[in-house]
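Student: I'd like to go over a predicted model; first the sequence, then the structure.
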Amino acid sequence: MKPAPFRYAAPTTVPQALELLAQHGDEAKLLAGGQSLLPLMNFRLARPSVVIDINRIAELAGIQQDAGVLRVGATTRQAALARWAADQPGWELLRAALGFVGHDAIRTRGTIGGNIAHADPASELPALLLCLDGSVLACGPRGEREVPARELFWGPLTTSIQPDELVTEVRFPSPGSGAGWGFEEVSRRHGDYALAGVAALVACDPDGRVLDSRLALFGVGDTPLRATDAEQALRGREPTRAAIDEAARLVGPALDPHADLHADADYRRSVAGVLAARALAGAVSRCEDGRVGATQR
Amino acid sequence: MAILTTREVKGVGFTIPRPDGADKVTGHTRYVADLNPPGLLHAKLLRSPHAHARIVRIDTSLAKALPGVRAVLTAADIPELHPNAKTRAHAIMAIDRVVFAGQPVAAVAADELAIAQEALDLIGVEYELLPVAVDALQSMQPGAPPVADAGTEADTSEALAHSGVAATESQDDSKAVNVAQQTRLSRGDVAAGFAESDVVIEHTYRIPMVHQGYIETHSVLAEWDSAGGLTIWTSTQGSFNTRSEVADVLGLPETRIKVVPMECGGGFGAKIRALCEPIAALLARATRRPVRYVMTRREELAAGMPAPRVVMRVKSGVKRDGTLMAIEAETILDSGAFAGAVLTLNGIFLASLYRWPSFEVRGVEVLTHKPSIAAYRAPTAPHTVFAIDSQMDRLARALGLDPAEYRLRHLIDEGDPMANGQPWQKNGARACLERMIEHPLWTGRAEWAASGGRDGRGLRGTGLAVGGWIPGIQPCSATIKLNPDGTLNVVTGQVDIAGTNVGLAQIAATAYGVDFEQVSIVTADTDSAPLAGLSAGSKVTYTMGAAVMAAARDAREQTFKIAADDLEAAPEDLEIVDGRVVVRGVPERSLSLADIGKKTNAFMSNVPPVLGVGSLGFSQQAPAFAAQLARIEVDPDTGLVVLHDFVAVQDVGKAINPLGIEGQMQGGAVQSLGIALTEELQFDDDGRLMNPSLLDYRKLTAADVPDIETIMVEVPAPAGPFGARGVGEPPIVPAPAAVANAIEDATGVRITELPLTPERVALALLARPSEDGLSA
């Protein structure tokens, strides 16, 4: 199928884009990489009357590291960020997560900002942002504001970004040099949306006790989620296998996943717990021996 | 049918890449959707959103008023349409009742596709919803909502065309509602067989509807000339069959219809029967313009002609020493809204792939309010072999016997009776299995299993299965002519859906005595080509290959006759060497093929042109088998099955073009693995497809499968050209059973329902008895 008729605008500056958004409000959709919007339009599940193509706003693309925060322009392609992360120590978790985003062809077009703003609950990058306690920068008629990931995701494909606002930047704080990471996902095929997935970070003190643990889940709720009970259960403890399993057991019961064509709720709940244990174990192994990037399984 | 050539030519047995490959991968090949004749109109169909409903009213006035719309047709506009349509092709449009979601209720032709699409939104249809029968078990019960109109006869023509193996018994009495066909095959005393059995195993196997998944959707372009002749450019697996069906639907003599078979971007059985040709022809007639209709992927999935859903209950009994005693089976085949399934092969493979002394297998074809089915590469054989091979594997395990040895011990051989009483013809089932069990992945299966379950690895297992198909036969003919430059043109009406034209050129080359580069194969339209059959049933090389071979031999004889006069030698003393006809042993006495060709085309010459004709009928089918092995790892906590290695062994009779066969073996294996692991058309309780896109209907891709190792064995088919037998269908058959066997090998759990999704595997593992503390 082809999209329903729409008007097309291609602003070259952020103020122009904001003006168009102000003018058209709910009627407008922002086009970044088009990897989600265009299929929705082709199936006529989305029928925006105006499409505002932000790919020609040069200032929106770019990657810079700034005081431990990775600032990624909204229209930066996923493939570009993956290339950047390929040889950057400390960003292995980002690299691992990007490897699960669709396929090469999708990552070549798909953008970081678009992926976050689309807020698919089964998508990897929103969960990664939540795991890293990141944020997005949103510009609108009331000026610029930074929205923390925890306040960003409201529901499936729904965020706290207002219809007259534009995400200009995504900010990923560095996991910190001592932290270990884990990333696990189960999908039906290579590149499919996750049935369940987990991103984990663990930092330990010199005595080997857990200083900080973070566990972000995706594919198991209306938004990406932090497993706060499990995180809490591990803090201050020695991260033994038993402690990890105990923490991971708290994950499933706290979830209310949806059932769909691909898996039912019980399966997702169960697998989320399994993957949480694996991701935590992976993170601890990378944290303890300090060899970041060591392979797990 | 050995043929002697006096020296080796580049022909049969050479590995030859497809000459059309580069054009295909660079987008230069022209398909129906690329045809843009002047005045072209674009068609769209309005399809019912309901699986079963009465059409109360259709209002097309707004659509007709839309600028750019040239015609809007409903059933009322089509005099050729009759109630009780005998096939899906005849049911061009729903008359007053729709019987599946996706059934066309109106058709539009417009100047642009977007206008046609827009017009669909302007057609008002009022439906009165009727009760729906989605599940076959429910649909065959008395009182179920009817699918077919009263009096509709079961259509078994495809079943017959496809296989040719006729059931000895079929019973038509006691027809329950929505039961289109019943078959029964039996021999011996089954009750006594079970009574004497020491081990009896019974399972119910379930395989959902799957879609063939060809890349090119159904596409057709139709145009009428001023004399009332209809030309149809279409993506078809059989141009003459398409012509006959369209002629029957529209009530036209076949001479008035020309079918031009275009490049076919995959069919796998779904492009045997006509589907969109009649409506395109009717829109073209109404508008007096060429009309093109190309189905969308969504329409293909929701309203194409998929493979049936199959449920099989199989009970088999054996003695403690493994002796087969009895098998009893019941197959329920869900054909969707129109009948036409192949049931007999299901019975033959269930009852007589292994030597069961007594059996009773019953089959029922049931109609439901879902899209009707078509063939899909060895129709129902992957399903049937999933059941019978799983049974054999289970029996061997229950008896503590080696599963491969157990199969070998009881597998049929040439001369054993099939369930319908006919003898099994010479075949390579045993040769495939014997070759497979020598493979290091099979001999090393214990080490593989032992390496799992430790160091964070999943449970590991290996499974194999053997299955195949009894390829079809159909009369066909071919011509071959010698050109003035000494090259050869072969003309057939055989659609090339699998690279078969390369093989035909190789056959012609070897049979005539030149290199294959000297031979061109032309697939002509139905006006120009001699009759040819379907490109289906694994029979193009077996049948058309034989016709081309006969034509080439005929041409060779004619060539020698001409040369003999000139060289003053007897024809039997001649041979062809490097493009020259030479007197054997006297190389200086020769005539080039170009010289001969020129003589037959020269002004005032009296030498008749060389026109070889091969026109054959066939009576002997050549069963074709494959064995496949899967080496897997199961993640016991998530149920994920990871394929590590896959091996395919196939009896090809004689490999005409090994590269082409390797492609068939790998492509078939990937489809087979898709049926095993991911594919399922999922319908809701109202009969609507829930996954009508390739995002949610999951075909395996290159990223999802390991390299597929291919091994060919050659057990010559007595009647095949150079011994070749059909190769297209067998490779789609064994994988579901092989993977399920591997899962049991890894986990001890038998799963009898496809696809083997992570969730299904995880649930099965949860349900297994506690063992080694591995599960709850």
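Tutor: Sure thing, it's come through. As the structure is a prediction and not an experimental result, all values here were calculated from the model. Numbering: from 1, shown residues only, chains lettered A, B, ... in the order given.
Student: near chain B, which residues of the stretch 51-200 of chain A show up?
Tutor: A:103, A:186, A:188, A:189, A:190, A:191, A:192, A:195 (C-beta under 8 Å from any C-beta of the partner chain). (Each C-beta comes from the backbone N, C-alpha and C, glycine too.)
Student: Turn these into a markdown table, columns for pLDDT and secondary structure.
Tutor: Below are those laid out as a markdown table (pLDDT from 0 to 100; DSSP: H, G, I helix; E, B strand; the rest coil):
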| residue | pLDDT | secondary structure |
| --- | --- | --- |
| A:103 | 91 | coil |
| A:186 | 96 | strand |
| A:188 | 91 | coil |
| A:189 | 91 | coil |
| A:190 | 86 | coil |
| A:191 | 86 | coil |
| A:192 | 90 | coil |
| A:195 | 95 | strand |
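Student: Selection in ChimeraX covering whichever of those residues are buried, please.
Tutor: To isolate the buried members of those in ChimeraX, using 16 or more other C-beta atoms under 10 Å in any protein chain shown:
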select /A:186,188,191,192,195
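Student: how much space between the nearest residue to residue A:36 once chain neighbours are set aside and residue A:40?
Tutor: In this structure, residue A:36 finds its nearest non-sequential neighbour in residue A:118, 4.9 Å apart by C-beta to C-beta, 6 or more residues apart in numbering or on different chains. According to C-beta to C-beta, to the nearest Å, residue A:118 stands 10 Å off from residue A:40.
Student: Which one of these two is surrounded by more residues?
Tutor: Legend: neighbour count by other C-beta atoms under 10 Å in any protein chain shown for residue A:118 and residue A:40, higher for residue A:118 (20 against 17).
Student: so the more buried one makes contact with residue A:153?
Tutor: No: judged on C-beta atoms under 8 Å, residue A:118 makes no contact with residue A:153 at a distance of 10.7 Å.
Student: Could you check which residue of the stretch 651-776 of chain B lies nearest chain A?
Tutor: Across the stretch 651-776 of chain B, the shortest distance to chain A (C-beta to the nearest C-beta) belongs to residue B:703, at 3.9 Å.
Student: Please work out how many residues are found near that residue.
Tutor: 10.
Student: Next: the one 5 residues further on.
Tutor: Residue crowding around residue B:708 was assessed by other C-beta under 10 Å; the count is 21.
Student: sorry, back to before: the residue nearest to residue A:36 and residue B:122, how far apart?
Tutor: 32 Å.
Student: same question, residue B:368
Tutor: 32 Å.
Student: quick check: longest helix of the chain.
Tutor: You didn't say which chain, so I picked chain A. Across chain A, the helix with the greatest residue count (assigned by DSSP state H) is helix A:265-288.
Student: ah, no, chain B please
Tutor: Longest helix in chain B, counting by DSSP H: helix B:545-567.
Student: Tell me the gap between that helix and the middle of its chain.
Tutor: In terms of C-alpha atoms, centre = their mean, to the nearest Å, the centre of helix B:545-567 is found 35 Å from the chain centre.
Student: for the following helix or strand past that helix, packing partners?
Tutor: Note on helix B:545-567: by DSSP states H and E, the next helix or strand toward the C-terminus is strand B:574-577. In terms of contacts (3 or more C-beta pairs under 8 Å, 6 or more residues apart in numbering or on different chains; DSSP states H and E), strand B:574-577 is packed against helix B:545-567, strand B:580-583.
Student: got the contact list for strand B:574-577?
Tutor: B:5-7, B:512-514, B:556, B:559-560, B:563-564, B:567, B:581-584, B:587, B:590, B:593 (C-beta atoms under 8 Å, 6 or more residues apart in numbering or on different chains).
Student: Show me just the buried residues among those.
Tutor: Here, 16+ other C-beta under 10 Å leaves B:5, B:512-514, B:556, B:559-560, B:563-564, B:567, B:581-583, B:590, B:593 buried among the contacts of strand B:574-577.
Student: which one of the residues you listed is nearest chain A?
Tutor: For these, the nearest to chain A is residue B:514 (44.5 Å; C-beta to the nearest C-beta).
Student: my guess is that closest one contacts residue B:488, does it?
Tutor: Yes: the criterion here is C-beta under 8 Å, and residue B:514 meets it with residue B:488 at 6.9 Å.
Student: Tell me how far the residue nearest to residue B:101 when sequence neighbours are not counted lies from residue B:371.
Tutor: Excluding its sequence neighbours, the residue lying closest to residue B:101 (C-beta to C-beta, 6+ apart) is residue B:51, at 4.4 Å. Separation of residue B:51 from residue B:371 (C-beta to C-beta) stands at 10 Å.
Student: again with residue B:709
Tutor: For residue B:709, the distance to residue B:371 - C-beta to C-beta - is 36 Å.
Student: Can you pick out the residue with more neighbours from the two?
Tutor: Neighbour comparison, residue B:709 and residue B:371: the larger count goes to residue B:371, with 30 against 17 (by other C-beta under 10 Å).
Student: Doesn't the more buried one belong to a helix?
Tutor: No: Residue B:371: not assigned to a helix; according to DSSP: H, G, I helix; E, B strand; the rest coil it is coil.
Student: can you pull the contacts of it?
Tutor: Counted by C-beta under 8 Å, 6+ apart, residue B:371 has contacts B:100, B:101, B:102, B:302, B:303, B:304, B:305, B:306, B:336, B:337, B:689.
Student: and residue A:169, helix, strand or coil?
Tutor: Residue A:169 ends up strand, using three-state DSSP.
Student: residues near the spatially closest residue to it that is not a sequence neighbour, how many?
Tutor: In space, not counting the residues next to it along the chain, residue A:169 is nearest to residue A:137; the distance is 4.0 Å by C-beta to C-beta, 6+ apart. By other C-beta under 10 Å, 18 other residues sit near residue A:137.
Student: does residue A:137 sit in a helix or strand, and which one?
Tutor: strand A:135-140.
Student: Kindly spell out which helices and strands sit in contact with that strand.
Tutor: helix A:14-24, helix A:112-118, strand A:143-148, strand A:166-173.
Student: In CSV: these, plus mean pLDDT.
Tutor: Output for the helices and strands packed on strand A:135-140, formatted as CSV (pLDDT from 0 to 100):
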stretch, mean pLDDT
helix A:14-24, 96
helix A:112-118, 97
strand A:143-148, 97
strand A:166-173, 98
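Student: out of the ones you listed, deepest packed?
Tutor: helix A:112-118 (a mean of 25; mean count of other C-beta atoms under 10 Å in any protein chain shown).
Student: any residues touching the helix or strand following it, and which ones?
Tutor: From helix A:112-118 onward toward the C-terminus, using DSSP H and E, the following helix or strand is helix A:124-131. Helix A:124-131 has contacts (C-beta under 8 Å, 6+ apart) with A:78, A:93-94, A:97-98, A:100-101, A:112, A:115-116, A:119-120, A:134-136, A:149-150, A:152-153, A:170, A:172, A:185, A:194, A:197-201, A:214-218, A:223-226.
Student: how about chain A, which residue sits the furthest from its center?
Tutor: residue A:207 (31.9 Å; C-alpha atoms, centre = their mean).
Student: hang on, the earlier thing: closest to chain B out of the residues of the stretch 51-200 of chain A next to chain B?
Tutor: Using C-beta to the nearest C-beta, those come closest to chain B at residue A:190, 3.9 Å.
Student: Pull the contacting residues for the residue lying closest to that closest one once chain neighbours are set aside.
Tutor: Leaving aside its chain neighbours, residue A:190 sits nearest to residue B:703 (3.9 Å; criterion: C-beta to C-beta, 6+ apart). By C-beta under 8 Å, 6+ apart, residue B:703 lies in contact with A:103, A:189, A:190, A:191.
Student: Kindly report the same for residue B:71.
Tutor: So residue B:71 contacts B:41, B:107, B:108, B:109, B:283, B:286, B:287 (C-beta under 8 Å, 6+ apart).
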